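Peer 1: here is my input; please provide its structure:
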Amino acid sequence: MGYRIPEETIEAIRRAVDIVDVISDYVQLKKQGRNYFGLCPFHGEKTPSFSVSPEKQIFHCFGCGAGGNVFSFLMDIEGISFIEAVKRLAIKANVDLADLELDDANKQSRADTGETKIMVEAHELLKKFYHHLLVNTKEGQEAFDYLQARGWTREIIDQFEIGYAPDSWDFAVKLLSGRGFSLELMEKAGLIIRKENGGGYFDRFRHRIMFPIHNHHGDAVGFSGRLLGEGQPKYLNSPETPIFHKGKILYNFHQARLHIRKHQEAILLEGFADVVSAVQAGIAHSVATMGTALTEEHARILRRNVDTVIICYDGDASGIEATFRAAELLADAGCHVKIATIPDGLDPDEYIKKYGSDRFRRDIIDASSSLMAFKMMYFRKGKNLQNENDKIRYIEEVLQEISKLSNPIEWDYYLRQLADEFSLSLSALQEQLNRHRNNKTHSNNAQSKEAPRPPLQKKLLPAFQNAERMLLAHMLRSRDVAMIVQQTIAGAFNIEEHRAIAAYIYAFYEEGNEPDVSLLLSRLPDDLKPLVTELSLLLITDEISNQELNDYMRHVLNHPKWLKLKEKEQEKIEAERKKDFLTAARIAKEIIEMKKMLSSS
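Peer 2: Residues are numbered from 1 along each chain as shown. Next comes the predicted model:
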């Protein structure tokens, strides 16, 4: 049996939670005036256009048009039902829903998300058992000794809930089936594998140290198993499943998020062990990719939460190549990128074990260099700078990168560095840099002609449409204005969406509600919510004069008449074309009368 949630309970939850606090778990928000702004989580952007109003308890993106209240935000960002959003926010609001029942429609909604919930429950169950085996049993003693030999304390092992999967073909199969989980669904969850002959299942993870992987809310959704002893593969990760998408999850992000906000930077590492060692070394704002290259989605997640990202990958050749690719992605996402370089081909975990936590923080993380300095080092690889051709090629590659910078001070700094190192004329380097920048400008212009981008500003709206928008904006703020508009023009709005919104506003006030956009949004269909949030954020005066109100309503009512007038003018032109001058004269008289009526109204 599920929950039937009364309107008053939903309203109590909405009033008890702060939309700014909820959205701050997903988006880095900065206060500007009355509202908060950040990068929209629903589309890629480098300049914040996502606005949150604590006064109205709504959000709106001026870039993609997304908008709504705290419930619709959670539904959109998490892809969950309204009931699921209410349940999550009820926990924040300390509202107990245990004694309530679901109606039939919501039971179906619950069934739709039932499989993913069961998958998460299975992962949580195995995570607890694997951890118990590691720290409390003789079976896990070898794995526990190995971890302690690496320098990991019991506290850090508990914090990351590291476990041990026994050297058994059916431990997980028996445990899950014994707890009533469908083995077919557990295969879909990536925890077990069907035998080739179809005669049963066996465990995916055996004789491995288990690192549970959590989504960004802290739910266990996958594992990475490190083989204990010899063999391949050394690391075995969960496959892609309905709850685990490695291109969208950063390891330890659920624990690191608050520390990332506190430090105003994130440390990006390559592996699970690197993160565990870094956190034990006091660098709690550390995250890693899921055994794969950084993706655009990873970069967007980081950019939404922080401005600065320090990349600290392995110091070997493949780590440097991965650093370059990740830096480009993060820079394109709008991040300020810094590079922490580890010498001697070591990875962060190895460096910490060899030199200690303090030195890692001081000499590696705190000594991180700019992205441009890293690129200059990167372009030196494989070149003999005593060779004239290699030297010229290096200078050209560096100038190409400098041309991408937007800060003239940075241009000057790196040009002088090149000039000093190679005894070159600063003016010659400046001239070549200008050529690269001009080529880049021409290339951008050519691309814009091939695929024109939408203008930054919206085109001017027709007078009647602007009038309807202003009326609705005032109606959202004033019950009295809404009643006047209802008595005068009722449903005579010319745009279909505006007619629908007006009808909802009339009904909302007739129920006895006071102006409250966030509450109104709970009553609206999803396709109207973005427009209503946009209208509610229009800059309008608190009070509207009778003259202004009447002008808006006149524009709305007169628009169909202007359309009729244009039809008459076309009829007149057609009559004249057919040399039917008598009809043309009659229509001309009608046009004159219509214009008189419009000018006097």
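
Peer 1: the residue lying closest to Leu29 once chain neighbours are set aside: what's it in contact with?
Peer 2: Distance criterion CB to CB, 6 or more residues apart in numbering; nearest residue to Leu29, sequence neighbours excluded, is Tyr36 at 4.0 Å. The way it works is simple: take the backbone N, C-alpha and C, and place the C-beta from them, glycine included. Neighbouring residues of Tyr36 by CB atoms under 8 Å, 6 or more residues apart in numbering: 20, 23, 29-30, 51-52, 54.

Peer 1: same thing with Val309?
Peer 2: Val309 makes contact with 265-268, 302, 330, 335-338, according to CB under 8 Å, 6+ apart.

Peer 1: which one of the residues you listed sits closest to Val276?
Peer 2: Ile267 (12.9 Å; CB to CB).

Peer 1: what's the burial count for that closest one?
Peer 2: Neighbourhood size, Ile267 [other CB atoms under 10 Å]: 29.

Peer 1: cool, Ser238 as well?
Peer 2: Neighbour number of Ser238 under other CB under 10 Å is 22.

Peer 1: hmm, back to that, just the pLDDT for the residue nearest to Leu29.
Peer 2: pLDDT for Tyr36: 91.

Peer 1: may I have the phi/psi pair for it?
Peer 2: Note on Tyr36: backbone dihedrals following degrees, to the nearest 10 are phi -110, psi 140.

Peer 1: poorly predicted segments of the stretch 451-600 of the chain, please.
Peer 2: Applying pLDDT under 70 to the stretch 451-600 of the chain flags the ranges 451-459, 599-600.

Peer 1: let me see the ranges of the strands in it.
Peer 2: With DSSP state E, counting those that start in this stretch as the criterion, the stretch 451-600 of the chain has no strands.

Peer 1: where's Leu236, which helix or strand?
Peer 2: Element membership for Leu236 (DSSP states H and E) is strand 235-237.

Peer 1: can you name the element that comes right after that strand?
Peer 2: helix 253-263.

Peer 1: how about residues contacting that next one?
Peer 2: Under CB under 8 Å, 6+ apart, the answer for helix 253-263 is 25, 28, 159, 214-218, 266, 279, 284-287, 301, 305-306.

Peer 1: and stretch 369-382, by the same measure?
Peer 2: For stretch 369-382, contacts defined as CB under 8 Å, 6+ apart pick out 320, 323-324, 327, 331, 337-339, 341, 394, 397-398, 401-402, 405, 410, 414, 417.

Peer 1: which ones are touching Arg437?
Peer 2: So Arg437 contacts Ser403 (CB under 8 Å, 6+ apart).

Peer 1: neighbour-wise, give me the winner out of the contacts of Tyr36.
Peer 2: Highest neighbour count within the contacts of Tyr36, by other CB under 10 Å: Val52, with 24 neighbours.

Peer 1: pull up the pairing partners for the helix or strand hosting it, direction included.
Peer 2: If you go by DSSP H and E, Val52 is part of strand 50-53. In the sheet, strand 50-53 lines up against strand 35-38 (antiparallel), strand 58-61 (antiparallel) (DSSP bridges).

Peer 1: what would those strands look like in JSON lines with distance to Lys92?
Peer 2: As requested, those are arranged in JSON lines below (distance: least, CB to CB, whole Å):
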{"stretch": "strand 35-38", "distance to Lys92": "18"}
{"stretch": "strand 58-61", "distance to Lys92": "16"}
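
Peer 1: name the spans of the stretch 101-250 of the chain whose pLDDT lies under the cut-off.
Peer 2: Within the stretch 101-250 of the chain, the stretches with pLDDT under 70 are 101-113.

Peer 1: now the helices: where do they sit in it?
Peer 2: 104-112, 114-136, 141-149, 154-159, 171-178, 183-188 (DSSP state H, counting those that start in this stretch).
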